[in-house]
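Student: Can you look at this prediction? I've put the sequence above it.
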Amino acid sequence: MSATAKKARILVVDDEQSARNGLEKLLLQEGFTVRSEADGAAALRCAADFAPDVVVTDLRMPQMDGMELLRHLREQDRDLPVIVTTAFGEVATAVAAMRAGADDYLTKPLDIDALVLAIERAIERRALRVETENLRRQLRERDGGGLQGLLGTSPAMQQIYRTARQVAGARATVLLTGESGTGKGELARAIHALSPRAREPFITLHCAALAESLLESELFGHERGAFTGADRLRRGRFEQAHGGTLFLDEIGEISGTLQVKLLRVLQERCFERVGGSETIKVDVRLIAATNRDLAKEVREGRFREDLYYRLNVVHIELPPLRLRGRDALLLAEHFLQRFVEENHASIRGFSERARGKLARHTWPGNVRELENAIERAVVLCDSEYIEAEHLPFESAPDVQGGVRIPGSTLAEIERHAILSTLDAVDGSTARAAEILDISVRTIQYRMHTYGRR
């Protein structure tokens, strides 16, 4: 059980004294803070004072039953998790309570392990909803500025936000690296929005989408008559971005000839249009991005070393979604709300199976793949909740690296998490510690106990 769950306050509501007292005792033994009440009216008064994290209530009670209590609790706090309990033959009533907003239901006699698990899940879901709303509020408060389009509470993303804010005010060139779909373009926009150049143009160019001759013209512009079809003067992206920021995506795809010309612009802040002789000076902040390993490209002779060092003044590497922990579910909730609004759908959320499928997927296409998956799911969903079958990818197996969930101990899961993360970051204990939100010393100690160096 997490430390947060152990400190959680639980309100138990049941008109049967023996059941109420027994459940209170068991939950106290599990480390929770517990209050209990015999009816719904008393529970409402207690909730106002006790501020429970979870309410566990029986459905059949005199005066105010569990359904009415649920409705009143929702009026007081729409995010308060409520778990209902019912007799074995009254499952239909429990399902009705779920439709009315209950988080879970259990049949009597209660299994304490199942109840503790339900409580922990309810607390985690509420924490996720709170995180999502806090991020939305922060974005609204920034009134369009700040780190637009970027969401995530993982330690790796928090570090990226800090770095972006630090470098935004400088003129230094920034090199963004990471797998396709990790949000390099959004980060470039965020850096521009935080910079003194925010009111000036933000110009983008995808270098891999054009042939060399067209790319040169797009970058530097051309004079009238410079080539067949050039019937008028055209300003290039560098001129368009004067005073602002130029974002060159997939910079690793440009030819050696263009690398030389780009190097000159970075060194001298000037260039000539294609077919022209006039030297044009520009004030442009350059942000470049690539999913290639440019250092390796330099070693293998495909990318100029001097240009690489000009670009790599500030280097920010965006982590893949599979290494961002709960960010995948946080982003999924964000995209769900957006596409529900765009499609005027009446979808309330994800089912537990769908959430599990989202959490297990390795996301080879990263945030872009996740966004597309949620849009497709919203379009295909014909019920109140997104189900696993609405998500357009295969579930990852429950067994990963010899770890079965459920079925493995916490020590086995921890070992798998540490070793697989170290493999993903090429053995860097500092990167692994940042991703797992633990200290480097802890990783080093665990590696010693695993017999690994």
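Tutor: Nice, thanks for sending it over.
Student: switch to C-alpha atoms for all contacts and neighbour counts from now on
Tutor: Will do.
Student: Point out where the stretch 101-250 of the chain drops to low pLDDT.
Tutor: Confidence mapping of the stretch 101-250 of the chain against pLDDT under 70 gives the ranges 130, 132-149.
Student: Show the residue spans covered by the strands in it.
Tutor: Under the criterion DSSP state E, counting those that start in this stretch, strands of the stretch 101-250 of the chain are mapped to 104-107, 174-177, 202-206, 245-249.
Student: try the stretch 251-400 of the chain
Tutor: Here the stretch 251-400 of the chain has its strands, by DSSP E, counting those that start in this stretch, at 270-272, 279-281, 285-290, 314-317, 349-350, 385-386, 399-400.
Student: How about residues contacting the second one?
Tutor: It stands for strand 279-281. Contact with strand 279-281 is made by 269, 270, 271, 272, as judged by C-alpha atoms under 8 Å, 6 or more residues apart in numbering.
Student: what do you get for the longest one?
Tutor: Contact with strand 285-290 is made by 171-178, 184-185, 188, 243-252, 311, as judged by C-alpha under 8 Å, 6+ apart.
Student: try 6 Å this time
Tutor: 171, 173-177, 245-252 (C-alpha atoms under 6 Å, 6 or more residues apart in numbering).
Student: Of those - the most surrounded one?
Tutor: Greatest neighbour count in the contacts of strand 285-290, by other C-alpha atoms under 10 Å, goes to residue 245: 30 neighbours.
Student: Identify the residue spatially nearest to the residue nearest the centre of the chain, adjacent ones excluded.
Tutor: Closest residue to the average C-alpha location of the chain: residue 327 at 2.9 Å, with C-alpha atoms, centre = their mean. Nearest residue to residue 327 in three dimensions, chain neighbours excluded: residue 152, at 5.1 Å (C-alpha to C-alpha, 6 or more residues apart in numbering).
Student: For residue 220, see how far away residue 69 is.
Tutor: Distance from residue 69 to residue 220, counting by C-alpha to C-alpha, to the nearest Å: 68 Å.
Student: Among the two, which residue is more densely surrounded?
Tutor: Ranked by neighbour count (other C-alpha under 10 Å), residue 69 and residue 220 place residue 220 first, with 24 against 21.
Student: Please name the residues that touch that one.
Tutor: Contacts of residue 220 (C-alpha under 6 Å, 6+ apart): 236, 273.
Student: Just want the phi and psi numbers for the residue nearest to residue 102 when sequence neighbours are not counted.
Tutor: Spatial nearest neighbour of residue 102, excluding adjacent residues (C-alpha to C-alpha, 6+ apart): residue 82 at 5.1 Å. Backbone geometry at residue 82, expressed as degrees, to the nearest 10, gives phi -130, psi 130.
Student: correct me, but residue 200 touches residue 245?
Tutor: No. Using C-alpha atoms under 6 Å, residue 200 makes no contact with residue 245, being 7.7 Å away.
Student: Number of residues surrounding residue 62?
Tutor: Residue 62, neighbours per other C-alpha under 10 Å, totals 12.
Student: Assign it to helix, strand or coil.
Tutor: Of the three states, residue 62 takes coil under DSSP: H, G, I helix; E, B strand; the rest coil.
Student: about what we covered before: which of the contacts of strand 279-281 ranks first by neighbour count?
Tutor: Counting by other C-alpha under 10 Å, top hit in the contacts of strand 279-281: residue 271 with 23 neighbours.
Student: For that residue, which residues are in contact?
Tutor: Counting by C-alpha under 6 Å, 6+ apart, residue 271 has contacts 279, 280.
Student: before we move on, the earlier item: out of the strands of the stretch 251-400 of the chain, nearest to residue 207?
Tutor: Between residue 207 and those, the shortest separation by C-alpha to C-alpha is 9.9 Å, and it involves strand 285-290.
Student: so where's the stretch 351-453 of the chain uncertain?
Tutor: Within the stretch 351-453 of the chain, the stretches falling below the threshold (pLDDT under 70) are 395-408, 450-453.
Student: Now with 80, please.
Tutor: Counting by pLDDT under 80, the stretch 351-453 of the chain has low-confidence residues at 393-413, 423-426, 445-453.
Student: related to what we said a few turns ago, could I get the strands of the stretch 101-250 of the chain as CSV with distance to residue 120?
Tutor: Converted to CSV, the strands of the stretch 101-250 of the chain look like this (distance: least, C-alpha to C-alpha, whole Å):
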stretch, distance to residue 120
strand 104-107, 11
strand 174-177, 37
strand 202-206, 45
strand 245-249, 43
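Student: between those, which one is nearest to residue 391?
Tutor: With C-alpha to C-alpha as the criterion, residue 391 lies closest to strand 104-107 of the strands of the stretch 101-250 of the chain, at 22.8 Å.
Student: Which secondary structure elements does the closest one sit against?
Tutor: strand 82-86 (3 or more C-alpha pairs under 6 Å, 6 or more residues apart in numbering; DSSP states H and E).
Student: Neighbouring strands - and their directions - for the strand it packs on?
Tutor: Its sheet considered, strand 82-86 pairs with strand 54-58 (parallel), strand 104-107 (parallel) by DSSP bridges.
Student: circling back to that earlier point, isn't the residue nearest to the centre of the chain up against residue 155?
Tutor: No. Between residue 327 and residue 155 there is no contact under C-alpha under 6 Å: 10.2 Å.
Student: and residue 250, how far is that from residue 342?
Tutor: Counting by C-alpha to C-alpha, the gap from residue 250 to residue 342 is 31 Å.
Student: and residue 29, how many neighbours?
Tutor: Counted with other C-alpha under 10 Å, residue 29 comes out at 10.
Student: Going forward, count from 543.
Tutor: Yes, from this point I'll number from 543; that puts the last item at residue 571.
Student: pLDDT wise, what is it at?
Tutor: Predicted confidence (pLDDT) for residue 571: 89.
Student: And the protein, split by domain according to the record?
Tutor: By the assignment in automatic domain parsing, the chain contains the domains 545-675, 697-859, 863-938, 942-991.
Student: mind pulling up the phi and psi values for residue 553?
Tutor: The phi/psi pair for residue 553 (degrees, to the nearest 10) is phi -110, psi 120.
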